[in-house]
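[1] just need the structure, nothing else, for what follows:
(chains A and B)
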Amino acid sequence: MDTTQLLKGILDLAVLAVLAAEDGYGYDVVRRLRAAGLDDVGDASVYGTLRRLFQQGRLTSYVVPSEEGPHRKYYGLNQSGRDLYEEATKQWTSFTQVMEALLGLGKEAA
Amino acid sequence: MSMATAHPEVSSYLSALRAHLEDLPEGERQDLLEDLEQHLAEVAAEGEGSLVDRLGPPDLYAAELRSSVGLPPDGGRGLGERLLEGARRSSIGRMARGVAATSAYGGIRSFVTELRPGWWVLRGYVAVVGLILILAPDHQYLSDIPIPIPWLLGSQAWGLAAIAAGIWASVALGREATNRMRARVISFVVSLIVAGIGFDLIPRVQERLAMAAAATYEEPEAFGPGFLQHQDGTPIANICPYGADGRRLEGVLIFDQDGRPITEVAPVTAPEHQEVERTLPKGVDGQRIANAYPHRVMAGNPETGELEPLPCPSVLVPPQKPPDAAEQPVVLEPSPPTED
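    Residues are numbered from 1 along each chain as shown, chains lettered A, B, ... in the order given. Sure thing, here's the model as predicted:
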C-alpha cells in the first residue's frame, strides 16, 4: 500500500504532535518525525506543512540567532493550534477505533 | 543573515526551486524562499552528502512543497487563480469564509446561482445594443416591440441577429466560467463593463425612443400647419360638394361640429399648376364667403402660359333615390310652431 498518501492525510496531526511536545525548527521537526518511525516523511512536505499551519494561524514563530550555524526559525503551537491538536486527536482516536473494528472483522472472516 | 556564501550548493538549489515557483505572486514567493534558505542551510549544515542526494532533485522538492503548502501544481494557475488565491489567503478571505459558512448565505447563494443564466442573457443583449449605440451616435432606432431592437446595416433583421449572437456568446462565457477559473474572472470583468454600459444606456435609449415617437408626428413641409390635408399629407385645395342625385352643388356652406366655418383649404401647388386666382362666391350682402364651396380656382398652366379653370372633378356619383318622406333628414330652419 502506498504510504505516501496515508502520510499526507495525517502529517498535519503528526507535526502538531511534535510541536505540542516541544517547539522546533524545520529540520528538527523532520528528524523527530523520522525518529518516531515515519521514515518516509519528506523534508519538503514537513516544511510546507509548517508554513501552511503558520499561515492558517495555528503556530507562533520566532527566530533564534546563532553564532556558529544559521539562524533558526522556531515554530510552536498557539492557543488555536492547541485547540486544533486536541480536536484532531479526538478525530484520530475515533477514526482508528472504527478502522480497528473494521479490520478486526476482516481478520475474523479471513 | 544569508549563509549562501558558505554553502554555494544552497544558493544553487534555491535558484532551481525559485524557477519552479515563478508563478507565485512576488511577495509570497519571497516569503517562502527566504525561510527555505535558512532551512536548506540547516539541512546542509547538519548532514553529509549533497542537497540533491538528501532532498531529491529541486523540481520534485518544489512539487512536494507546493502540494503540502496547498498550492496547485506548477503551470496550473493563471492570473485569475492567482488573484483569487491571494484574496483567499488574506484576512478578508478568512472573514469571507466565516460568512460563507452560515446557512443564510447558503440560501442567498443558491438563489443567485439560479439567476445567473438570466443575467447572461441580459448581459448579451445590453452589450450588443450598448455597443451599437455608443459606436453609432446618429443611429436610427425603432421600438415596434416592447424590447428595443436596433437597426444594423439597414435592417432590423441584422440587429436581431447581432443581439442573438451577443446573447449566445454571453451564455457560452457564463457556462465556461462555472468550470474554469480564468473564464470566471473574464466573465466577471465583462459583467462589470456591461453593467456600466447599461447604466449609461438607459438615458440614451429613452432619448431614442422619444425621437422615434416624435418622427411619426412630423408635419409635411410643403404645407405649413393650418391647411387642410389628407392623412397621407396630400393637401386639400378645394371642397367639391355633390347632391345625392349626382348634381354638382354650388355655394354650399361648410361648417364643423361647433359651427365654425371651414376655410383653411390649401393653395394649389401641384407641379403643373400654380394658383393664381381663387374666386369665392359672394353673399347677399356682397361679402365674399370663405366657406362656401366649391371655390372657383384659376391657375396658370406653365406650358401654355394661359389661365385655366380648375374645376371640381366630374366624379360619377351614382344617383341615389331621393329620400323617402319617412327618412327625411332634419332641415335646418325653424320649424313652424305646432299646436299640440
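
[2] which residue is the nearest non-sequential neighbour of the residue of the stretch 1-150 of chain B found nearest chain A?
    In the stretch 1-150 of chain B, the residue that lies nearest chain A is B:Ser68 (2.9 Å; Cβ to the nearest Cβ). C-beta coordinates here come from the backbone N, C-alpha and C atoms, glycine included. Distances taken as Cβ to Cβ, 6 or more residues apart in numbering or on different chains place A:Gly48 nearest to B:Ser68, at 2.9 Å, with adjacent residues excluded.

[3] the closest residue to B:Ala290 other than its chain neighbours in helix, strand or coil?
    Nearest non-adjacent residue to B:Ala290, counting by Cβ to Cβ, 6+ apart: B:Thr263, 4.1 Å away. Following DSSP: H, G, I helix; E, B strand; the rest coil, we place B:Thr263 in the coil state.

[4] give me the pLDDT value at B:Thr263.
    For B:Thr263, the pLDDT comes out at 85.

[5] torsion angles phi and psi at it?
    For B:Thr263, the backbone dihedrals (degrees, to the nearest 10) come out as phi -130, psi -10.

[6] surely it meets B:Ala292?
    No: the criterion here is Cβ atoms under 8 Å, and B:Thr263 misses it with B:Ala292 at 9.6 Å.

[7] which positions within the lengthiest helix in chain A qualify as buried?
    Longest helix of chain A, by residue count under DSSP state H: helix A:79-109. Buried residues in helix A:79-109, counted by 16 or more other Cβ atoms under 10 Å in any protein chain shown: A:81, A:84-85, A:88.

[8] pLDDT weak spots in the stretch 1-150 of chain B?
    B:1-6, B:74-82, B:85, B:88-89, B:97-98, B:100-103, B:106, B:137-147 (pLDDT under 70).

[9] the residue in chain A that chain B sits nearest to: neighbouring residues, count only.
    The minimum distance from chain A to chain B, using Cβ to the nearest Cβ, falls at A:Gly48 (2.9 Å). For A:Gly48, the count of nearby residues is 23 (other Cβ atoms under 10 Å in any protein chain shown).

[10] contacting residues around the helix or strand hosting it?
    Here A:Gly48, judged by DSSP states H and E, is contained in helix A:43-55. Here helix A:43-55 makes contact (Cβ atoms under 8 Å, 6 or more residues apart in numbering or on different chains) with A:7-8, A:11-12, A:15-16, A:26-27, A:29-30, A:33, A:59, A:61, A:75, A:81, B:32, B:35-36, B:39, B:43, B:54-55, B:61-62, B:64-70, B:89.

[11] mind listing which of the residues you listed are in strands?
    The strands, defined by DSSP state E, take in A:59, A:61, A:75 from those.

[12] which among those gets closest to B:Thr178?
    A:Leu59 (36.2 Å; Cβ to Cβ).

[13] state the mean pLDDT of the helix ranked longest in chain B.
    For chain B, the longest helix by residue count, based on DSSP H, is helix B:181-216. Mean pLDDT, computed over helix B:181-216, is 77.

[14] just checking, what packs against it?
    Contact analysis of helix B:181-216 by 3 or more Cβ pairs under 8 Å, 6 or more residues apart in numbering or on different chains; DSSP states H and E lists helix B:79-89, helix B:103-135, strand B:141-142, helix B:156-177 as its packing neighbours.
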